[in-house]
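Engineer: turn this into a structure:
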Amino acid sequence: MTLEQFFQQLMEYRIAVAIAVLVAPWLTWLVCAAIPGKREEPFVLSANLALAVLGLMLWAGYLAYSTNTGGWQLVVKQADLFLLLVPLYYVIASLWVAKRRMPLEEIPAFRTLQGIALMAGIYLVISWLASRVYIVFFSYMPFTAFLWLLAVLLGIGYMGYRRIID
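Structural biologist: Take a look at the predicted model:
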């Protein structure tokens, strides 16, 4: 199955996918309430956050692919706005549920979420910057300043990577 087929199937079954994603954080809350414990609860919350991160990565990948092939105009015309907002809701609701159950530092997937968010944000900024760099750009900004900006962005991305690994 290719990514294109995967995203087409998401569009076909968008109602079922949206309902599953809307219910998942609250199902996690119920499981944590039913099976409280210092060993089990971080695992359940971490699995939920991992699924939220996976959804967010698919969301970012879809947006990056769509904007590179067709531009934002095509995304606005063809994408289902509800499906574009569901991954953001899932991450926010999962973080809220996890924060209510225990400190976020005790959940292993939270550190990974922070690192991936930093790396994804920096990737989007660098890809936007790369698509906007023209010779005219360097007449307004010195090349050394551009290199420093790129170095700072890469440094922040590396901090995100170290956040995941450590």
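Engineer: got the buried residues for the host helix or strand of Gln73?
Structural biologist: Per DSSP states H and E: Gln73 is located in helix 71-78. Within helix 71-78, the residues that count as buried by 16 or more other Cβ atoms under 10 Å are Val75. C-betas here are computed from N, CA, C, even on glycine.
Engineer: same for it, what does it pack against?
Structural biologist: helix 40-69 (3 or more Cβ pairs under 8 Å, 6 or more residues apart in numbering; DSSP states H and E).
Engineer: next, count neighbours for Leu54.
Structural biologist: Neighbourhood size, Leu54 [other Cβ atoms under 10 Å]: 13.
Engineer: to clarify, my last question referred to Leu95.
Structural biologist: 19.
Engineer: sorry, back to before: and the angle from the helix holding Gln73 to helix 40-69?
Structural biologist: Here helix 71-78 runs at an angle of 110 degrees relative to helix 40-69 (axes from the mean of the first three to the mean of the last three Cα atoms, to 10 degrees).
Engineer: and helix 71-78, C-alpha only, in CSV?
Structural biologist: Provided in CSV are the C-alpha atoms of helix 71-78 (Å, rounded to 0.1, in the frame of the first residue of the first chain):
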residue,chain,number,x,y,z
GLY,A,71,0.5,24.2,-3.3
TRP,A,72,-1.8,25.5,-0.6
GLN,A,73,-4.6,26.3,-3.1
LEU,A,74,-5.0,22.6,-3.9
VAL,A,75,-4.9,21.6,-0.2
VAL,A,76,-7.7,24.2,0.6
LYS,A,77,-9.8,22.9,-2.4
GLN,A,78,-9.4,19.2,-1.9
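Engineer: can you list contacts of that helix?
Structural biologist: By Cβ atoms under 8 Å, 6 or more residues apart in numbering, the surrounding residues in contact with helix 71-78 are 63, 66-67, 70.
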